[in-house]
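Asker: Next one to model:
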Amino acid sequence: VLGHAKAYHAYYDNFDFDGQVGITMGGEYTEPADPNSEVDIAAADRFMQFRLGIWCHPIFRNGDWPEIVKQQVAMKNARFYDLGLDDYELSDWEIEMNGLGINIDNRLPEFSEEEKTLLARSADFLGVNSYTTSWVKDGRNDPYNGRFDLNYENDPDASEVDRCEERGYPDWLCIVPYGFRRLLAWYALEYDNIPMLVTENGFGSEKEAYEIVDDFDRANLYKRYINEMLKSMVWDQRNILGYTAGSLMDNLEWNDGYKARFGLFSVDYEDPMRPRQIKYSGIYYSQLVKRNGFADEAPYLAIDEPFPENFAFSSATASYQIEGAWNEGGREETIWDKSSHTCNKWQWWDSEDKCWDHVLNGESGDVACDSYHKWEEDIENLKDLGVQSYRFSIAWARLLRNDGTVNPEGKDFYNNFINALIANNIEPHV
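Answerer: Residues are numbered from 1 along each chain as shown. Take a look at the predicted model:
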């Protein structure tokens, strides 16, 4: 959070651009397993504060952690010592943390007054990534979620339970449109109706052949989720600036490799030219953007009022997932490159096992969708969708060298791309 705050102030202190700086939260709404249980309701709130509030509260409120987070951590630390649980042999991980000066007493660091001032209100809008909804029950007596096992996962004293009735793909994604509206309400109520920009929403498929393109289930999901967002705007008066369908095209879905397909456009990975083809969901989304709402679909949906004139429909990608050209144009090697090239696996914590976890089928982002060479076609596809903006990320290994100097080829690549977006009336969201 301090890194974000410093970047926010650096933008306004050093540049005179007509832009805004926000931060995106990736998370879901959490329901109590038993809506009539006071302890489950409290557990759901703790879970939300630990997953989302721990980031948002310092930035959008007062520069400090949520009170319930501070109280919960202090309570568990004190009880840990009361029970004499500190008399045990440290794990390798704990020894490493102690070497960095991190221990039980300071694992939730205190902000100085200067840091609180730097953090408070250090964002112009909140980006919302949301794919699913979860359920939790009070976990204080759950032996699996031990009350005094001190870590980020267990500190909330809340245990996730499976209440999913409509499962998407991947299987962690539960389709709960009303949960999306409740998440937007939670953010608005917690943070004074902060302006929100939905920066990712969607779901994947693992279909083959023609079913990749005829993705009627994804189109139906967009219809339901976007309509819930419109209810949030019109009925609940939430301040929502735009919506981003994730993603523009099928791409490398991190550890799931190329199996999970989230795109509005399909990509043929067997063809070296990586041709794109619009899916049914892309056609549906473009029609929704063109008519600016659901008027032609009433009475199927509960609300058919149009979106505001300045509302921005968008789509999204991320650099490593689509660009490819991993060793071209002065781009330097990243940790993803190193891990996929050494053992086709991704790990970060085990100093002995260098291949903990893996990218499915030993795949990598070496070529991906080849957007480094096909970015002009990608812009044409954005134009066909009719979107007003495009959310993408910069590959810092392409823009900055390891010695901190700017790579001119990387700078030219992103300048050309951004200028082309602007020339086509598509606002860049970086």
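
Asker: Flag the shaky bits of this structure, pLDDT-wise.
Answerer: 88, 141-149, 207-211, 298-301, 343-357 (pLDDT under 70).

Asker: And the strands in it, which stretches?
Answerer: 22-26, 29-32, 125-129, 133-138, 158-161, 196-200, 240-246, 265-267, 276-278, 312-316, 389-391, 427-429 (DSSP state E).

Asker: Start and end of stretch 53-72, how far apart?
Answerer: End-to-end distance for stretch 53-72, by CA to CA, to the nearest Å: 13 Å.

Asker: before we move on, what about stretch 292-311?
Answerer: 9 Å.

Asker: re the thing from before, out of the strands of the chain, which is closest to residue 333?
Answerer: strand 265-267 (24.1 Å; CB to CB). All C-beta spots, glycine's among them, are computed from the backbone N, C-alpha and C.

Asker: what sits up against the closest one?
Answerer: 212-213, 248-251, 274-279, 282, 369, 381 (CB atoms under 8 Å, 6 or more residues apart in numbering).

Asker: Longest helix in this protein, by number of residues?
Answerer: Using DSSP state H to define each element, the chain has its longest helix at helix 216-234.

Asker: Pipe the strands of the chain into CSV and attach mean neighbour count and distance to residue 181 per row.
Answerer: Formatted as CSV, the strands of the chain follow (neighbours: other CB atoms under 10 Å; distance: least, CB to CB, whole Å):
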stretch, mean neighbour count, distance to residue 181
strand 22-26, 19, 16
strand 29-32, 24, 9
strand 125-129, 22, 12
strand 133-138, 23, 10
strand 158-161, 20, 21
strand 196-200, 25, 12
strand 240-246, 24, 11
strand 265-267, 22, 28
strand 276-278, 19, 28
strand 312-316, 24, 18
strand 389-391, 24, 21
strand 427-429, 18, 23
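
Asker: Need the ones you listed in CSV (columns: distance to residue 45).
Answerer: Conversion of the strands of the chain to CSV gives the following (distance: least, CB to CB, whole Å):
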stretch, distance to residue 45
strand 22-26, 16
strand 29-32, 8
strand 125-129, 19
strand 133-138, 10
strand 158-161, 9
strand 196-200, 20
strand 240-246, 23
strand 265-267, 40
strand 276-278, 42
strand 312-316, 30
strand 389-391, 30
strand 427-429, 31
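
Asker: Which of the ones you listed sits closest to residue 118?
Answerer: Using CB to CB, those put strand 22-26 closest to residue 118, at 14.0 Å.

Asker: Sheet-wise, list the partners of the closest one with their directions.
Answerer: Here strand 22-26 is paired, per DSSP bridges, with strand 125-129 (parallel).

Asker: Just the closest of the contacts of strand 265-267 to residue 24, please.
Answerer: Nearest to residue 24 among the contacts of strand 265-267: residue 248, at 16.6 Å, using CB to CB.

Asker: what residues are up against that closest one?
Answerer: Neighbouring residues of residue 248 by CB under 8 Å, 6+ apart: 263-265, 315-317, 378, 381-382, 390.

Asker: With just CA atoms, put the longest helix of the chain into CSV.
Answerer: Extracted C-alpha coordinates of helix 216-234, given in CSV (Å, rounded to 0.1, in the frame of the first residue of the first chain):
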residue,chain,number,x,y,z
PHE,A,216,-23.7,-18.8,-25.3
ASP,A,217,-23.1,-19.5,-21.6
ARG,A,218,-20.5,-16.6,-21.4
ALA,A,219,-22.8,-14.2,-23.2
ASN,A,220,-25.6,-15.1,-20.7
LEU,A,221,-23.2,-14.4,-17.8
TYR,A,222,-22.3,-11.0,-19.2
LYS,A,223,-26.0,-10.2,-19.5
ARG,A,224,-26.8,-11.1,-15.9
TYR,A,225,-23.7,-9.5,-14.3
ILE,A,226,-23.9,-6.3,-16.3
ASN,A,227,-27.6,-6.0,-15.5
GLU,A,228,-26.8,-6.4,-11.8
MET,A,229,-24.3,-3.6,-12.1
LEU,A,230,-26.9,-1.4,-13.8
LYS,A,231,-29.2,-2.0,-10.9
SER,A,232,-26.4,-1.0,-8.6
MET,A,233,-26.1,2.3,-10.5
VAL,A,234,-29.7,3.2,-11.0
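
Asker: ok, residue 60 touching residue 191?
Answerer: Yes - the pair residue 60 and residue 191 qualifies as a contact (CB atoms under 8 Å) at a distance of 4.1 Å.

Asker: Between these two, which is the more surrounded one?
Answerer: residue 60 (22 against 19; other CB atoms under 10 Å).
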